[in-house]
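Enquirer: Quick one, structure for this:
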Amino acid sequence: MEIVKTADGSFTFFNSEVGEHYHSKHGALQESKHVFLSSGLQYFQSKQDQKSVSILEVGFGTGLNYLLTAEYCFQNQIKLSYIAIELAPLDLSMIIRTENLNYVSSEVREDFMAKYPQALSKRTDTVSGNLTIKVIDVADYRSEGSIDVIYFDAFAAIHQPEMWTEDVLSKVCANLKTGGVFVTYAITGNLKRTMKSLGFSIEKAPGALGKREMLRATKL
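Expert: Numbers count the residues shown, from 1 in each chain. Alright, predicted model coming up:
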């Protein structure tokens, strides 16, 4: 693992085994804010205006998506239920090296540092709701309860094609609620066709810095 400073000053890791960065080199922080928080959760909230929200993330990685989401929910008094699938979770010491914890309040930061190890083995109460990190292969995931928003943040299909198959996407989306939102930084013809076949309406949303478009899909 090599730590890399991205264009917006935030840090990410380069995974040499996969041949991919955990976040965009054009800006880890801006990508996470744009693709997942703004285009995912905040977009969903603009349509539903709920005081509780359930999120499934594929690819917990450095924890940046979770931290920004937990901070948003904490500040806006939204109860967050967050499930992440991560086969190879990073040590807390590595997450600290990314400086992601600097982007959230002391309440969320200290809570995460205390609760992260426990969340790797069971559902854990947090200051914003609860967090569960399932240390499993995504192909083995079985959904538990209804999901409002899916953050699909797997490594790119060119490096991990097995993460983007119709079978995997079908399992991940199985319990997404009607009106629920699926977001990812990627957009390909194959992905659009797959999501349409799974009963989603497809939107080409503006991409984060360095990408012209991203995919947002709403379950019909």
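
Enquirer: Phe13 touches His21, doesn't it?
Expert: Yes. Phe13 is within contact range of His21, at 7.1 Å (criterion: C-beta atoms under 8 Å). In this view, the C-beta of every residue, glycine as well, is placed from N, C-alpha and C.

Enquirer: Show me the common contact partners of those two, please.
Expert: Val4 (C-beta atoms under 8 Å, 6 or more residues apart in numbering).

Enquirer: okay, these two: which has more neighbours?
Expert: For Phe13 versus His21, the count of surrounding residues by other C-beta atoms under 10 Å is larger for Phe13: 21 against 18.

Enquirer: Secondary structure element holding the more buried one?
Expert: strand 11-15 (DSSP states H and E).

Enquirer: ok, now Thr132?
Expert: Applying DSSP H and E, one finds Thr132 within strand 129-134.

Enquirer: What are the boundaries of the helices in the protein?
Expert: 28-31, 43-48, 64-76, 92-97, 106-119, 166-173, 189-197 (DSSP state H).

Enquirer: Select the longest strand from this protein.
Expert: Ranked by residue count and defined by DSSP state E, the top strand of the chain is strand 176-184.

Enquirer: which one of the helices of the chain is the most hemmed in?
Expert: Comparing these by mean neighbour count (mean count of other C-beta atoms under 10 Å), helix 28-31 ranks first with a mean of 24.

Enquirer: Give me the sheet partners of the strand holding Thr132 and which way each runs.
Expert: Counting by DSSP bridges, the strands paired with strand 129-134 are strand 79-85 (parallel), strand 124-126 (antiparallel).
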